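S.K.: generate coordinates for the sequence data below:
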Amino acid sequence: MTEYGEIYTDPLTLAALASDRVMQTQTSFNNQPAIDFSAPLAISGKRWGCLRVGVSLQPLQKELNSLAGSILGFALVFSAGALVVFLAAGQKLARPIVDLAESMETMNVDKPIYLPQKVRRDEIGRLERSFHDLLERLRESEAERQKSMEKFVDSERFAAVGKLVSGGAHEINNPLSGIEGALYHLREEKGGQSAEYVKAAEQGVERIGRIVRQLLDLSRADALLVETADSAEFFGELTLFARMAIKKRNCSLQTEDGYARGDILVDRDRIHQTLLNLVLNAADAVSTKDRGLIRLETFSHDHGYAIRVLDNGPGITAEVQKQIFEPFFTTKDPGKGTGMGLAIGRTIAEKHGGRLECSSVPGQGTIFTLWLPLDTTEKGASV
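M.R.: Residues are numbered from 1 along each chain as shown. Okay, here's the model as predicted:
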């Protein structure tokens, strides 16, 4: 028998001849990857050989490598873009927080901090507004603390002055009585020029005595003689006394009783003393005007009774207003004022649980307002 063809004895061929189905095997051809498909050839149950077809994987491998490169490039570009977007978004979100943190670190309640013109409407914007509101409340609290501290310092100073002048006034008053008696005897025994010297000395002693009495009034810590008074009657008496006090002055007095609640609680004599001093000061202020005008008004406020003394005088500068209630401070000519009236007036107002305030603009006149509570015991006054 003559044989045609070639008999293959490699493992793949032998496996294909022994198999009943198509076999797929990954192999290599010329050092390149390939897939071998093999199927047995059987006729009438006899196996005559097998069919093998090999397919090279090199083109597919190139396509896969190209696709992998494209995917890797896209991933790198996408990652870079995402990183840029995330950084930009993070910067946009973090910048306001960083600015807010810097504002907190450099916060100063004495300096205003303004919100951005375009306030964000998200949680960060809400945080900015909350911080701004917190700072405003801190600033208000600091202002209140400063006012309280100033009042405390004033109280301590007045307490010290009170103790000093209370003892000093008595020490001065005793020798003054002796000097006054000696001057009386000198006046009775001698005349002529000596009498003029004696008169001048008596005037000086009288002035010193008046200052001593005012110092005692300022330092006196006894209880107020508070009583219930009809507001209309009280204001009528005040108006009468005020007109008598400025009768010979070059000014006119206008009055308006705008308080309609009825009874008030006051130490009548001391409040009259305070208000008459304000009226006399106003009369001095308008003395140089052709038409000097003083207004005396009463009105209600949330906490009680208020009396206002207004004038159309030259006004008071801001610097003077800061010192106007200090003892011995005066803007009058030497010999015309002791500088004690307003200090005593403020002390009387505070003992009532109220306050005495000054408001003035140079060239537009001055307003003094005495605020009194309806119930002095609620404000801590001595009754």
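S.K.: for the stretch 51-200 of the chain, give me the ranges with low pLDDT.
M.R.: Scanning the stretch 51-200 of the chain for pLDDT under 70 picks out 100, 103-104, 106-120, 149-178, 180-200.
S.K.: where exactly do the helices run in it?
M.R.: All helices of the stretch 51-200 of the chain, identified by DSSP state H, counting those that start in this stretch, fall at 58-105, 123-189, 193-219.
S.K.: just the helices from the stretch 251-383 of the chain, written as ranges.
M.R.: Taking DSSP H, counting those that start in this stretch as the criterion, the stretch 251-383 of the chain contains helices spanning 268-285, 318-323, 341-351.
S.K.: of all those, which lies closest to residue 66?
M.R.: Evaluated over these, closeness to residue 66 peaks at helix 318-323, with 85.5 Å, by Cβ to Cβ. C-betas here are computed from N, CA, C, even on glycine.
S.K.: adding mean neighbour count, write the helices of the stretch 251-383 of the chain out as CSV.
M.R.: Converted to CSV, those look like this (neighbours: other Cβ atoms under 10 Å):
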stretch, mean neighbour count
helix 268-285, 21
helix 318-323, 11
helix 341-351, 22
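S.K.: mind putting these into TSV with distance to residue 97 and mean pLDDT?
M.R.: Output for those, formatted as TSV (distance: least, Cβ to Cβ, whole Å; pLDDT from 0 to 100):
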stretch	distance to residue 97	mean pLDDT
helix 268-285	56	89
helix 318-323	42	88
helix 341-351	49	86
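S.K.: now distance to residue 142 too, for these, in JSON lines please.
M.R.: JSON lines is the format used below for those (distance: least, Cβ to Cβ, whole Å):
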{"stretch": "helix 268-285", "distance to residue 142": "32"}
{"stretch": "helix 318-323", "distance to residue 142": "20"}
{"stretch": "helix 341-351", "distance to residue 142": "24"}
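S.K.: nearest to residue 122, out of those helices?
M.R.: helix 318-323 (45.1 Å).
S.K.: for residue 364, see how far away the closest residue to residue 331 other than its chain neighbours is.
M.R.: Ranked by Cβ to Cβ, 6 or more residues apart in numbering and with sequence neighbours excluded, the top spatial neighbour of residue 331 is residue 320, at 6.3 Å. According to Cβ to Cβ, to the nearest Å, residue 320 and residue 364 sit 15 Å apart.
S.K.: who wins for proximity to residue 368 among the helices of the stretch 251-383 of the chain?
M.R.: Closest to residue 368 of these, according to Cβ to Cβ: helix 268-285, at 4.9 Å.
S.K.: who does that closest one touch, helix- and strand-wise?
M.R.: Here helix 268-285 touches helix 231-245, strand 251-257, strand 292-301, strand 304-311, helix 341-351, strand 366-373, going by 3 or more Cβ pairs under 8 Å, 6 or more residues apart in numbering; DSSP states H and E.
S.K.: any chance of the ones you listed in TSV, with distance to residue 30 too?
M.R.: Formatted as TSV, the helices and strands packed on helix 268-285 follow (distance: least, Cβ to Cβ, whole Å):
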stretch	distance to residue 30
helix 231-245	123
strand 251-257	122
strand 292-301	110
strand 304-311	114
helix 341-351	114
strand 366-373	112
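S.K.: quick one: closest of those to residue 69.
M.R.: Nearest to residue 69 among the helices and strands packed on helix 268-285 is strand 292-301 (86.3 Å), distances taken as Cβ to Cβ.
S.K.: only C-alpha atoms, please: export the closest one in CSV.
M.R.: Output of strand 292-301 as CSV, limited to C-alpha atoms (Å, rounded to 0.1, in the frame of the first residue of the first chain):
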residue,chain,number,x,y,z
GLY,A,292,-32.6,134.2,74.9
LEU,A,293,-35.1,131.3,75.3
ILE,A,294,-35.3,128.6,77.9
ARG,A,295,-37.8,125.7,77.7
LEU,A,296,-38.9,123.6,80.6
GLU,A,297,-40.7,120.4,79.6
THR,A,298,-41.9,117.2,81.2
PHE,A,299,-42.8,113.9,79.4
SER,A,300,-43.3,110.2,80.0
HIS,A,301,-40.8,107.5,79.1
